[in-house]
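Undergrad: Structure for the following, please:
(chains A and B)
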2 protein chains.
Amino acid sequence: MTVPEQKHIEVLSGTRFTVHYRIAGSKHDAEAKSEALRYEQTVEFPAELTPAGDIADHIVGRIEGFEARDDGAYDVTVSYADEVAGAELPQFLNVLFGNSSMTPGVRVERIDPSSAILAKFRGPRFGADGLRQTLGVAYRPLLMTALKPMGLSNENLAKIAYDCALGGIDIIKDDHGLGNQPITDFDERVRFCTDAVGRANRETGYRSVYAPNITGPARDLERRARFAREQGAGAVLYMPGLAGFDGMRALADDEDFGLPIISHPAFYGSFVTFPDNGFSHYALYGQLQRLAGADSSIYPNFGGRFSFSREECVSIVRGCNEEFGGMQPIFPTPGGGMNMKSIPDMRSVYGKDVIYLVGGGLHRHSDNLVENARHFRRLVTEGENA
Amino acid sequence: MTVPEQKHIEVLSGTRFTVHYRIAGSKHDAEAKSEALRYEQTVEFPAELTPAGDIADHIVGRIEGFEARDDGAYDVTVSYADEVAGAELPQFLNVLFGNSSMTPGVRVERIDPSSAILAKFRGPRFGADGLRQTLGVAYRPLLMTALKPMGLSNENLAKIAYDCALGGIDIIKDDHGLGNQPITDFDERVRFCTDAVGRANRETGYRSVYAPNITGPARDLERRARFAREQGAGAVLYMPGLAGFDGMRALADDEDFGLPIISHPAFYGSFVTFPDNGFSHYALYGQLQRLAGADSSIYPNFGGRFSFSREECVSIVRGCNEEFGGMQPIFPTPGGGMNMKSIPDMRSVYGKDVIYLVGGGLHRHSDNLVENARHFRRLVTEGENA
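TA: Have a look, this model is predicted:
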């Protein structure tokens, strides 16, 4: 034995959390992959050399279930000792899908909602209800748009923000490509756009908010978040694929920050592109977003310019709403090439607890942006009266 | 027109950077995807509504080349104005592959090495040569191992570190699952393991280093990095898939930190799992790592327990070494189920400028870890004399 003798691990509580994987392949392959997985995600050590005692019995993952799925793959339930993940999000994600991300055929389907470890994460600070309260919108779906196109001056982006707020759009976010570039200085943009939305609100009596994209250098994230808050932004946009899930979690946990967080799906689309690897839509756009503190989860709507199916979008709604460690439900926020014509169809899928994100499509209805925003609002509100 | 009139953008320099995408599908599909891509990654606005002038002419991406590849897909070269990305890594990555990550059929094949924007990133602080100097190893391949299995006490992990250092392994890193859990407190582990490796070095005269895994909560990363340095760690392990590429870039840029960085590929394996989406191995494990300041890029070796092919591994070596904006070459670091028997075969692929990472396999040779480490070292050194 090359490893020091150690039978006992003092700190083990005995509580475990559970993850459902979809594992593709023949039954034999899926069994072999499951067996490999429970070592790979924990001790990463040859089974025959793994020390007997608590390491073999508790630290190594356990196969708790193995069932055929309708799609020919297998639903494999694996449990892990809570202490393998601890209380920090990066390591929790690492246990879920660290090395196994490099294994074709393995997909994280669902984190078990009753896993005790979920209590270690506060999740969304606002959640869907909190966001409704903040925005003063009790029942109807919420409306979101994005400031674009990139290349406009900050003055012109602020004019668009003003028009959209005047037309009654609840959340006016930066397009996710607006960061802090020579073409659009972050601080200036935040000043101009918060000011523009504030002016519009004073005219309309609405409570529209501007949500700047704070995604940026790791060591400037906190400053941008604080600056956005100080300037009067009502929410922020964050891209966990680019800046990390834990940076979002830290914002949601930060009492002094305390703004709603809109999560944008840039960069990690590959996680859901093929069914045989990555995450389910349910897990990535629902569970992980809540775990990491988003209040709104943006994803491409079915029928838009991306490739998500209606069923996948329905599963995202479930992931945003179903019981998950007591964490609040959040708003599914379909966008990505949707337009105002698609709203009636979307109503049947999404109901009221949704944020409709219309970006470029908002500019298509007529030459008057304020009127387009009003039209968007009416479409959604009429839906409520129907 | 709903967008304010704006023909001119003052700040445009006229310099552009270039990305090669692999786009799958029929010629017609690939053309349509390319056309969509140049809008999607920039203005994200309907082409017919995009304002004429500098936005349409310079901000929207440009197709610079479109050629059939041998594999039936198309090599599509797209250029973007430098000002679209600016000088911050998250937005640069966002332009490369933000929304297009959600488009099946689009893969980032290669960032053009002559793109002027690359001068905005310092890249690796050490690079392969700097790491050789730090470790005092002029010619031979370097040796790396990982402390495992998870579940051992920090005292026992330190014993393993001591044995490995005594046996002459250059870099003794934390297994990537060792974070800061109840089973292994980060600060204590760093103290114990730096101490153990220091003691071994005093006995052997070698310059082995301990590389703790500093990946953790966003707001504790800097502290962990500083603590590791203060305690005498000689390098650190970082997982950009979990903590973000820019956190690594910030460490590499930080004069006060100044330790080599080993990048671990956990969590984003989905980027390379299927050829029709994500990144090429060349780009992900080579170019992006250098761009974000890694000195060593870990990836699963061919023939190990993951699925990378020999050709993919060869392309990673190229990505770590080929001219890339003047950034230093870094060490390809194949691991992931390799064992000592595979070293002779690997020699023909990797030559001398490589770090051999043997983790669990190191424990297989005999019951004596110090001897196993010596054997590993001899195998590699003999290769040099052959």
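Undergrad: can you give me the helices in the stretch 51-200 of chain A?
TA: A:54, A:82-85, A:89-97, A:127-135, A:154-166, A:186-204 (DSSP state H, counting those that start in this stretch).
Undergrad: Can you add mean pLDDT and mean neighbour count and give the ones you listed back as JSON lines?
TA: In short, each C-beta sits where N, CA and C put it, glycine included. Shown next, in JSON lines, are these (pLDDT from 0 to 100; neighbours: other CB atoms under 10 Å in any protein chain shown):
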{"stretch": "helix A:54", "mean pLDDT": "98", "mean neighbour count": "19"}
{"stretch": "helix A:82-85", "mean pLDDT": "97", "mean neighbour count": "25"}
{"stretch": "helix A:89-97", "mean pLDDT": "98", "mean neighbour count": "26"}
{"stretch": "helix A:127-135", "mean pLDDT": "98", "mean neighbour count": "19"}
{"stretch": "helix A:154-166", "mean pLDDT": "98", "mean neighbour count": "24"}
{"stretch": "helix A:186-204", "mean pLDDT": "98", "mean neighbour count": "19"}
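Undergrad: These into JSON lines, with extra columns for distance to B:Gly258?
TA: Formatted as JSON lines, those follow (distance: least, CB to CB, whole Å):
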{"stretch": "helix A:54", "distance to B:Gly258": "39"}
{"stretch": "helix A:82-85", "distance to B:Gly258": "31"}
{"stretch": "helix A:89-97", "distance to B:Gly258": "23"}
{"stretch": "helix A:127-135", "distance to B:Gly258": "43"}
{"stretch": "helix A:154-166", "distance to B:Gly258": "37"}
{"stretch": "helix A:186-204", "distance to B:Gly258": "29"}
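Undergrad: out of these, nearest to B:Leu284?
TA: Of all those, it is helix A:89-97 that lies closest to B:Leu284, at 16.3 Å by CB to CB.
Undergrad: who are the neighbours of that closest one, in terms of helices and strands?
TA: helix A:82-85, strand A:106-111, helix A:245-253, helix A:288-291, helix B:240-243 (3 or more CB pairs under 8 Å, 6 or more residues apart in numbering or on different chains; DSSP states H and E).
Undergrad: A:Phe227: how many residues sit nearby?
TA: 17 (other CB atoms under 10 Å in any protein chain shown).
Undergrad: Of all the residues in the host helix or strand of it, which ones are buried?
TA: Per DSSP states H and E, A:Phe227 falls inside helix A:221-231. For helix A:221-231, a neighbour-count test (16 or more other CB atoms under 10 Å in any protein chain shown) marks A:Leu221, A:Glu222, A:Arg224, A:Ala225, A:Phe227, A:Ala228, A:Arg229, A:Gln231 as buried.
Undergrad: Against chain B, how distant is A:Tyr299?
TA: Distance, A:Tyr299 to chain B, using CB to the nearest CB, to the nearest Å: 8 Å.
Undergrad: Got the confidence number for that residue?
TA: Looking at A:Tyr299, its pLDDT reads 97.
Undergrad: Grab the nearest non-local neighbour of it.
TA: Spatially, and ignoring its direct neighbours in sequence, A:Tyr299 is nearest to A:Tyr285 (4.6 Å; CB to CB, 6 or more residues apart in numbering or on different chains).
Undergrad: Contacts only, for that neighbour.
TA: By CB atoms under 8 Å, 6 or more residues apart in numbering or on different chains, the contact list for A:Tyr285 reads A:Pro265, A:Val272, A:Ser297, A:Tyr299, A:Ile316, A:Gly319, A:Cys320, A:Pro332.
Undergrad: Is it in a helix, a strand, or coil?
TA: Three-state call for A:Tyr285 (DSSP: H, G, I helix; E, B strand; the rest coil): helix.
Undergrad: Please apply the same query to A:Tyr210.
TA: Going by three-state DSSP: A:Tyr210 is strand.
Undergrad: Please tell me I have it right and it contacts A:Ala200.
TA: No - using CB atoms under 8 Å, A:Tyr210 is not in contact with A:Ala200; the gap is 9.9 Å.
Undergrad: any common contacting residues for these two?
TA: A:Ala161, A:Ala165.
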